[in-house]
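> Got a sequence here, can you build the structure:
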Amino acid sequence: MSIHVVFSAECNHAMTWQAAGLFHSHRAVGQPGNITRLLACSEEQRADYRGMELGPTFVHHNMRHGHPLIDEVGYPSYNKPASVMFWLEGVEPEEEV
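Numbers count the residues shown, from 1 in each chain. Have a look, this model is predicted:
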C-alpha cells in the first residue's frame, strides 16, 4: 500500500526550513508514496516567496487574510483544514491519503 503524505505550511522562512527538513527526511528514509506541501500564500507573499523548488507543492489562498468561507481575518488555523479541502478539490491522488 502506498500513501500520499501531505503537510501544511505558510509562505514564510520558518516554515520553509521546516519543509526542507521534512522533504529531506521523506527521501532519506525511503518513505513509499508521494509527499506534497500544502502552501498557504497570499498573492503578495507568493510574489516574494523563495522556496517553491523544495519539493512538490500545492499553493492555495492564505486563510489568515480572509476568505468567503469564513467570517474572520487573522486566524491562521483555518489553513490546515482548508488546505486539505482545496487540495482534494484540485487533485485526485492515486494513493491513500
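> When you work out contacts or count neighbours from here on, use the C-alpha atoms and nothing else.
Will do.
> for stretch 49-56, which positions count as buried?
Residues of stretch 49-56 classed as buried under the neighbour-count rule (16 or more other C-alpha atoms under 10 Å) are 51, 54.
> swap that for stretch 86-94, please
Applying a neighbour-count criterion of 16+ other C-alpha under 10 Å, the buried positions in stretch 86-94 are 86-87.
> Helices of the protein, residue ranges please.
If DSSP state H is used as the criterion, the helices of the chain fall at 13-28, 43-48, 79-90.
> Which of the ones you listed sits closest to residue 62?
Residue 62 lies closest, by C-alpha to C-alpha, to one member of the helices of the chain: helix 79-90, at 6.6 Å.
> OK, contacts around the residue sitting nearest the centre point of the chain?
Geometric centre of the chain, nearest residue: residue 38, 1.3 Å, by C-alpha atoms, centre = their mean. With contacts taken as C-alpha atoms under 8 Å, 6 or more residues apart in numbering, residue 38 has the following neighbours: 6-9, 57-60, 83-84, 87.
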